[in-house]
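**Q** What follows is a predicted structure for the sequence shown.
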Amino acid sequence: MKILVTGGAGFIGSHVVEWFAKNGDEVIAIDNFLRNEIFGNKMRNQLYNWSYIKQYKNVKLIKSDIRNFNEIKDVAKNVEAIIHTAAQVAVTTSLINPRIDFEINALGTFNILEVARLNDSIIIFCSTNKVYGENVNRIPIEEKETRYEFADPRYKEGIPEDFSVDLTGHSPYGSSKLAADIYVQDYAHTYGLKTAVFRQSCIYGERQFGVEDQGWIAWFVIATLTGRSITIYGNGKQVRDLLHVKDLIKAFDVFLNSKVKHVVLNIGGGPRNALSLIEALNMLKQLTNKVPSISFTAWRPMDQKVYISNIKKAREILNWEPRITLKEGIKNLVKWVRENLALFR
């Protein structure tokens, strides 16, 4: 299969490229290398993953920007599938610069969809749990010793796909991703494209250059091992479910090779792979034998106190479930950062 991967120099994108290159597919990876500009030069070694995937002979690397339709149209000619991981990914950045957030997430996705329509390509879109916005915070919660939990038994297994995205604050990031999410759904409905929308929770794994604004578990590992201070916004009891990147891409692969025509799925680790920030820091103490330096400050705007993906639909439709446990995955992430500490100095 001939596959285009957008955001190929990024964390998820580079893992997608590697997975399908190992499968023997012909892969075109594109990226515009805007991470340092977007994150204010916080993203070191932004070419690391790009250089890493050069080892695969069936991968073609092209510098290209999804905001430029004519450019993308030429690059993507005759591709059979597009795995769209390119995005502006930080809520904080979207608050400071909503224009670039919209241009990348909404306009960029529209351009990719038009390319897919012209080529009749399969589309896999990386959406986000932020499409549900502050509606998630309207669910009653209980405060426990180290975490918040949903008090409403209807959400014991997490947030389902039919949870409301309406009448709520999203942040510019959540709004741009929701616009793109809906457009992907409509291109399936209107033009008959085979599409999948994966509303991702927290994805983590090796080769993730996490920063404070994005990739929080990787940032916690990096900061702990390099002796940097970690700022906790709120009290640290906020909870997220985590999914290892290899489990995510396995779901992509299953969908590509399935007879499923169109699907919207919440994808994450589910309740069994959920951690609060405090619990994550305690786990890191055990795995690293180091005590993280921590400070606390005010809550960030529109932060969800608890978000856990209900992954029942993914299990039923794709016969998929997470295989890599939190302890195993974070242990492997710690090992990778330790082996590459020079990258973070």
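**A** Thanks, I have the structure now.

**Q** use CA for all of it now, contacts and neighbours both
**A** Noted.

**Q** and the residue lying closest to residue 224 once chain neighbours are set aside, what does it touch?
**A** Of all residues not flanking residue 224 in the chain, residue 292 sits nearest, at 4.9 Å (Cα to Cα, 6 or more residues apart in numbering). By Cα atoms under 8 Å, 6 or more residues apart in numbering, the residues touching residue 292 are 223, 224, 227, 228, 229, 230, 281, 285.

**Q** same thing with residue 201?
**A** Contacts of residue 201 by Cα under 8 Å, 6+ apart are 128-129, 240-243, 266-269, 307-309.

**Q** hmm, 6 Å instead?
**A** Residue 201 makes contact with 129, 268, according to Cα atoms under 6 Å, 6 or more residues apart in numbering.

**Q** For it, give me the backbone phi and psi.
**A** As for residue 201, its main-chain torsions (degrees, to the nearest 10) stand at phi -90, psi -140.

**Q** Look at it and report its pLDDT.
**A** Looking at residue 201, its pLDDT stands at 97.

**Q** got it, and residue 146?
**A** 97.

**Q** Residue 44 now?
**A** Residue 44 carries a pLDDT score of 62 in this model.

**Q** mind listing the strands for the stretch 1-150 of the chain?
**A** For the stretch 1-150 of the chain, strands defined by DSSP state E, counting those that start in this stretch occupy the ranges 2-6, 26-31, 59-63, 81-84, 122-128, 141-143, 148-150.

**Q** How about residues contacting the third one?
**A** Contact partners of strand 59-63, identified using Cα under 6 Å, 6+ apart, comprise 27, 28, 29, 30, 31, 32.

**Q** will you turn those into TSV that also has neighbour count and distance to residue 112?
**A** Listed next are the contacts of strand 59-63 as TSV, based on neighbours: other Cα atoms under 10 Å; distance: Cα to Cα, whole Å:
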residue	neighbour count	distance to residue 112
27	26	16
28	22	14
29	26	14
30	26	12
31	21	13
32	16	14
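
**Q** just these now: which is nearest residue 298?
**A** Nearest to residue 298 among those: residue 32, at 33.9 Å, using Cα to Cα.

**Q** Just to check, the closest one is in contact with residue 67?
**A** No - using Cα atoms under 6 Å, residue 32 is not in contact with residue 67; the gap is 9.6 Å.

**Q** still on that earlier bit, let's see which of the contacts of residue 292 end up in strands.
**A** The members of the contacts of residue 292 that map onto strands under DSSP state E are 229, 230.

**Q** Now do the helices in the stretch 151-300 of the chain.
**A** Remark: helices assigned in the stretch 151-300 of the chain by DSSP state H, counting those that start in this stretch are 171-191, 216-226, 245-256, 277-288.

**Q** what angle separates the third one from strand 122-128?
**A** Comparing the axes of helix 245-256 and strand 122-128 via axes from the mean of the first three to the mean of the last three Cα atoms, to 10 degrees yields an angle of 140 degrees.

**Q** Over to the shortest one?
**A** Between the axis of helix 216-226 and that of strand 122-128 there is an angle of 60 degrees, by the same axes, to 10 degrees.

**Q** before we move on, what about the first one?
**A** Following the same axes, to 10 degrees, one obtains 160 degrees for the angle between helix 171-191 and strand 122-128.

**Q** who touches helix 171-191?
**A** Outside helix 171-191, the residues within contact range by Cα under 6 Å, 6+ apart are 91, 94, 98, 102, 105, 106, 109, 130, 131.

**Q** Columns pLDDT, distance to residue 147 and neighbour count on top of those residues, output as CSV?
**A** Shown next, in CSV, are those (pLDDT from 0 to 100; distance: Cα to Cα, whole Å; neighbours: other Cα atoms under 10 Å):
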residue, pLDDT, distance to residue 147, neighbour count
91, 90, 22, 23
94, 94, 27, 21
98, 97, 32, 18
102, 98, 33, 22
105, 98, 32, 27
106, 98, 34, 23
109, 98, 36, 27
130, 95, 20, 26
131, 97, 23, 25
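
**Q** Of the residues you listed, which belong to helices?
**A** 91, 94, 98, 102, 109 (DSSP state H).

**Q** Check these and tell me the two furthest apart.
**A** It's 91 and 109 that sit farthest apart of the ones in helices among the contacts of helix 171-191, by Cα to Cα, at 17.7 Å.

**Q** picking up where we left off before, the contacts of residue 292, buried ones only, as a ChimeraX selection?
**A** Buried members of those can be picked out in ChimeraX with the line below, counting by 16 or more other Cα atoms under 10 Å:
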select :223,224,230,281
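
**Q** Residue 297: what's it in contact with?
**A** Residues near residue 297 by Cα under 6 Å, 6+ apart: residue 233.

**Q** Not counting sequence-adjacent ones, nearest residue to residue 127?
**A** residue 199 (4.4 Å).

**Q** and which of the contacts of helix 171-191 is nearest residue 23?
**A** residue 109 (25.9 Å).
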